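[1] Structure of the sequence below:
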Amino acid sequence: MARSRPRVWLVAGCAALLLWASVAQLVAVGRLLVLFGLAGGAPAPSPPPSSLPPPPPIIYGWIISPGIYKSNGYLKISCNGGLNQMRSEICDMVAVARLLNLTIVVPELDKRSFWADQSNFGDIFDVRHFITSLRDEVRIVKRLPKKFGPTDSSIILEMPPVSWSDEKYYLHQILPLFSKYRVIHFNKTDARLANNGISTELQLVRCRVNFHALKFTPQIEALGNKLVQKLRAKGSFVALHLRYEMDMLAFSGCNHGLNPEEAEELKRMRYAYPWWREKEIDSKAKRSEGLCPLTPEETSLVLKALGFRKDTLVYIAAGEIYGGEKRLEPLRAAFPKLVRKEMLLDSEALRQFQNHSSQMAALDFIVSTSSDVFLPTYDGNMAKLVEGHRRFLGFRKSVLLDRRKLVELIDLYNSKTISWENFTSSVQEVDRGRVVQPSCRQKLENKPKEEDYFYANPHECLANSSQCSGTKDTITVR
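    As a prediction, the model looks like this:
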């Protein structure tokens with residue numbers, strides 16, 4: 001009998017513990033039911049107010065927890081530029097929304113630029129994947145709530161943020177605006193977040209958006225992978241980003257190798273587009289400084305000098321080349337296995353992407369990140385974004401040309417000042433060390449346009465990140 005007493009006490013204790021836990025759970029459930037208006041006797045939801053209530057006080061810090069998340073307001077963004085410029089802008093603005101604890105609306109893409117591409121975000125990127133893959137970083141909605149009128153200036157502020165801004169600007173200049181406005185619409189988003197001096201936490205958010213959240217639609221992914229498979233079936237290949245389209249030449253003012261009529265046509269185009277601010281351009285001076293894309297003829301000379309054989313399979317990752325097939329003749333003569341997506345896919349497969357330059361650029365992006373070698377003839381947005389992706393994918397071979405030195409050598413060779421042997425050895429000497437390797441970004445104080453671009457070398461997100469000193473500590477706002 002004595003032995004059974006401890007057993008009885010044990011059973012009684014366990015029963016009491018279970019009873020206490022049950023009561024606690026019931027109380028908690030009751031509170032939740034009242035909170036969400038589901039319990040009997042709870043007041044019905046109040047009708048929408050005739051005027052919007054004042055904005056909530058600013059919440060500092062970042063809390064993500066189902067059921068208690070509350071943002072400081074809505075951030076709407078309108079991107080500008082081509083596909084790859086807009087890609088970087090989206091990454092930047094998601095990071096800003098993360099920093100300021102904002103709900104971001106699925107971005108609007110540029111429809112007014114030179115390309116006049118009417119594609120929406122969902123025509124290029126997988127919207128559901130974009131939202132769900134970032135659910136632990138930032139809240140994303142497909143559109144603003146209907147209660148926000150599109151022209152209600154009392155609650156919606158439209159403005160461009162300052163270029164190359166750091167976290168302090170957004171925290172001290174932008175965040176306080178949400179005490180007055182419920183929505184801020186950034187109508188320009190190009191290069192609005194600095195390359196450097198940003199906390200590691202936010203740099204990682206930029207990478208998470210770039211490398212994981214911005215996934216192309218299944219249709220684009222399937223066709224891009226089909227292109228890669230067709231090229232792989234022929235062997236190894238080089239993706240040549242031949243940036244010699246009409247818009248590039250008009251914008252840059254580079255007319256080397258063009259006839260006077262072509263140069264005049266491009267000049268008229270440059271004056272026709274008001275957002276291309278620079279009108280009178282010294283093409284010869286820009287070329288000598290290495291600020292012009294290589295022509296197809298110059299590219300053929302450089303590729304041969306670098307040792308690429310005549311039977312190399314070369315994929316042109318670019319839009320329509322200015323001057324068409326005739327301008328490509330020197331390059332095709334040097335490399336007969338020169339192909340474009342239009343040669344590898346039938347017209348029916350490309351039909352849905354035609355007249356949509358950003359969707360076509362997405363196909364080139366997939367091929368360029370998958371190629372054995374990537375070689376851009378100009379360091380524009382696509383070249384930089386592809387370089388960064390190839391670093392992230394294990395430092396796939398990318399060759400970055402020193403155009404300033406190369407055009408000098410090309411002119412010497414074309415004027416017969418140096419022989420082909422001297423030209424070849426000199427080009428190879430210039431190219432030494434130009435293959436992308438693990439490195440840290442070069443930071444230039446007060447010269448953001450000249451320093452290394454974050455998206456070309458996001459070293460914080462790569463295996464070599466520990467080698468790069470001077471990384472700013474994480475900022476947490478309280």
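[2] Excluding chain neighbours, give the residue nearest to Ile90 in space.
    Closest residue to Ile90 apart from its sequence neighbours, by CB to CB, 6 or more residues apart in numbering: Pro107 at 5.2 Å. (C-beta placed from N, C-alpha, C; glycine too.)
[3] measure the nearest residue to Gly197 once chain neighbours are set aside to Ile198 for me?
    Using CB to CB, 6+ apart and skipping residues adjacent in sequence, the residue nearest Gly197 is Asp166, 5.1 Å away. For Asp166, the distance to Ile198 equals 6 Å [CB to CB, to the nearest Å].
[4] ok, back up a step: give the contact list for the residue nearest to Ile90.
    77-79, 86, 89-90, 93, 121 (CB atoms under 8 Å, 6 or more residues apart in numbering).
[5] just Glu342 next, same as before
    With CB under 8 Å, 6+ apart, Glu342 has these contacts: Leu350.
[6] Let me know the pLDDT of it.
    Turning to Glu342, the model gives it a pLDDT of 94.
[7] quick one: secondary structure of it?
    Following DSSP: H, G, I helix; E, B strand; the rest coil, we place Glu342 in the helix state.
[8] before we move on, back to that, ramachandran coordinates for the residue nearest to Ile90?
    phi -60, psi 150 (degrees, to the nearest 10).
[9] ditto for Ile104
    Here Ile104 shows phi and psi, under degrees, to the nearest 10, equal to phi -100, psi 140.
[10] That one against Arg139, yeah?
    Yes: judged on CB atoms under 8 Å, Ile104 makes contact with Arg139 at a distance of 7.4 Å.
[11] For these two, work out which one has more neighbours and name it.
    Ile104 (23 against 18; other CB atoms under 10 Å).
[12] The residue nearest to the more buried one when sequence neighbours are not counted and Leu444, how far apart?
    Excluding the flanking residues, the one nearest Ile104 by CB to CB, 6+ apart is Ala97, at 4.1 Å. The gap separating Ala97 from Leu444 is 28 Å, by CB to CB.
[13] neighbour-wise, which of these two wins?
    Legend: neighbour count by other CB under 10 Å for Ala97 and Leu444, higher for Ala97 (26 against 13).
[14] buried stuff in whichever strand or helix holds that one?
    Secondary structure from DSSP states H and E places Ala97 in helix 83-100. Neighbour-count burial for helix 83-100, counted by 16 or more other CB atoms under 10 Å, picks out 83-100.
[15] Then stretch 279-293?
    Of the residues in stretch 279-293, those buried (16+ other CB under 10 Å) are 281, 283, 286-288, 290-293.
[16] Pull up the distance across that stretch, start to finish.
    18 Å (CA to CA, to the nearest Å).
[17] Touching it from outside, list them.
    242-244, 248-249, 252-256, 263, 270-271, 377-378, 402-408.
[18] ok, now stretch 432-449?
    Contacts for stretch 432-449 (CB under 8 Å, 6+ apart): 163-164, 191, 194-196, 387, 390-391, 395, 397-402, 450-454, 457, 459, 462-464, 467-470.
[19] Ala349 touches Leu223, doesn't it?
    Yes: with contact defined as CB under 8 Å, Ala349 reaches Leu223; the gap is 6.3 Å.
[20] Look at the two and report which has more neighbours.
    Leu223 (21 against 14).
[21] how about the residue nearest to Glu451 when sequence neighbours are not counted, secondary structure?
    Distance criterion CB to CB, 6+ apart; nearest residue to Glu451, sequence neighbours excluded, is Leu444 at 4.0 Å. For Leu444, the assignment made with three-state DSSP gives coil.
[22] still on that earlier bit, return the per-residue confidence for the residue nearest to Ile90.
    Here the pLDDT value assigned to Pro107 is 98.
[23] And it, how close does it get to Asp379?
    Counting by CB to CB, the gap from Pro107 to Asp379 is 25 Å.
[24] same check, this time on Tyr455
    12 Å.
[25] Need the overlap of contacts for those two.
    Counting by CB under 8 Å, 6+ apart, Tyr455 and Asp379 have no contacts in common.
[26] Which of those two has more residues huddled nearby?
    Higher neighbour count among Tyr455 and Asp379: Tyr455, with 23 against 19, using other CB under 10 Å.
[27] quick revisit: pLDDT and distance to Pro438 added to the contacts of Pro107, as JSON lines?
    Below are those laid out as JSON lines (pLDDT from 0 to 100; distance: CB to CB, whole Å):
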{"residue": "Ile77", "pLDDT": "98", "distance to Pro438": "32"}
{"residue": "Ser78", "pLDDT": "97", "distance to Pro438": "36"}
{"residue": "Cys79", "pLDDT": "96", "distance to Pro438": "31"}
{"residue": "Met86", "pLDDT": "97", "distance to Pro438": "28"}
{"residue": "Glu89", "pLDDT": "98", "distance to Pro438": "27"}
{"residue": "Ile90", "pLDDT": "98", "distance to Pro438": "26"}
{"residue": "Met93", "pLDDT": "98", "distance to Pro438": "28"}
{"residue": "Phe121", "pLDDT": "97", "distance to Pro438": "33"}
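[28] Quickly name whichever of the residues you listed is closest to Asn187.
    Ser78 (5.0 Å; CB to CB).
[29] Count the neighbours of the closest one for me.
    19.
[30] looking at the sheet around it, what are its partners?
    Beta-bridge pairing of Ser78 under DSSP bridges involves Glu108.
[31] Phe186 is in contact with that one, correct?
    Yes: the pair Ser78 and Phe186 passes the contact test of CB under 8 Å, sitting 6.9 Å apart.
[32] so what sits against both of these two?
    By CB under 8 Å, 6+ apart, no residue touches both Ser78 and Phe186.
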